[in-house]
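Q: I would like to see how this sequence folds:
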Amino acid sequence: MTAPRWIVVLRLIGFLSAGLLPAGCQRPSEGVFLELTGRIFVFNYRVATANYLLTFKTVTPIPVGTVIEAYFDDPRGGNDLVTRQDVFTGDETISISSPHVSCVRKEHPYAVDLRLVDREGKLLQEIATSVTSDVDQSAVLPSKPLVVGPVYTPNPDVFKADGTTDFSGEKDCPT
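A: Got it, this is the predicted structure:
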């Protein structure tokens, strides 16, 4: 007994679809090694520092000897802040942070350009993005660290001997 024609057609469509599914799981387009998964400003009030933090997921194996070159807008103005970081072939996730920054303004997009470069200097991938803060740095960070030393001793420049405190933020930022 043979199956009705429409069942044969459905089975054929199912087999063809199953054959096409693995094709959709192939390697992403050439030149894509990293996928951006997160970007924020990190404000550490305890030591009065701020920096960019970007995270990535590895989507294609990265050649040995590859580095990430990151160029961050300097919120204070001037030349970009540059970071170079080695990438290891087994890393599934990668994070990269900037040097400390100051004068981050609320709702201002700051550009970040990343370049994945192999050991010969060949550009493998370039990612351009921006990071925007939802707060002004001066509103959340004091101008001086709250603590000093390895045992978190209160900073005498912030916690005065007379019992007063100075939590003022930076005041010399460009507008």
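Q: The residue most central in space within the chain bridge partners, please.
A: The residue lying closest to the centre of the chain (C-alpha atoms, centre = their mean) is L54, at 0.6 Å. Going by DSSP bridges, L54 is paired in beta bridges with R39, I96.
Q: mind checking how far it is from A111?
A: Note on L54: its distance to A111, by C-beta to C-beta, to the nearest Å, is 12 Å. Heads up, the C-betas are built off the backbone N, CA and C, glycines and all.
Q: Can you work out which residues contact both of the two?
A: By C-beta atoms under 8 Å, 6 or more residues apart in numbering, L54 and A111 have these common neighbours: T129.
Q: Averaged pLDDT, stretch 134-142. What do you get?
A: The pLDDT scores in stretch 134-142 average 90.
Q: Can you give me the first-to-last residue distance of it?
A: 17 Å (C-alpha to C-alpha, to the nearest Å).
Q: Could you shift the numbering so residue one becomes 362, and keep it that way?
A: Renumbered: residue one is now 362, and that last one reads stretch 495-503.
Q: in that stretch, what counts as buried?
A: 497-499, 502-503 (16 or more other C-beta atoms under 10 Å).
Q: Just the ones of the residues you listed in helices?
A: Counted as lying in helices by DSSP state H, out of the buried residues of stretch 495-503, are 498-499.
Q: and of the buried residues of stretch 495-503, the nearest to D435?
A: Distance to D435, by C-beta to C-beta, is smallest for Q498 among the buried residues of stretch 495-503, at 12.9 Å.
Q: that older thread, so can I have a markdown table of the buried residues of stretch 495-503 showing distance to R437?
A: As requested, the buried residues of stretch 495-503 are exported to a markdown table (distance: C-beta to C-beta, whole Å):
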| residue | distance to R437 |
| --- | --- |
| D497 | 14 |
| Q498 | 10 |
| S499 | 12 |
| L502 | 14 |
| P503 | 17 |
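Q: of all the buried residues of stretch 495-503, which comes closest to L395?
A: Q498 (27.7 Å).
Q: In contact with that closest one, which residues?
A: Going by C-beta under 8 Å, 6+ apart, Q498 touches 402, 404, 411, 436, 463-466, 530-531.
Q: make it 7 Å
A: 404, 411, 463-465, 530 (C-beta atoms under 7 Å, 6 or more residues apart in numbering).
Q: repeat for K418
A: By C-beta under 7 Å, 6+ apart, K418 lies in contact with 396, 398, 453-454.
Q: Recalculate using a threshold of 10 Å.
A: When contacts are counted by C-beta atoms under 10 Å, 6 or more residues apart in numbering, K418 touches 395-399, 452-455.
Q: Now intersect these with the strands, please.
A: For the contacts of K418, the ones inside strands are 395-399, 454-455, with DSSP state E as the criterion.
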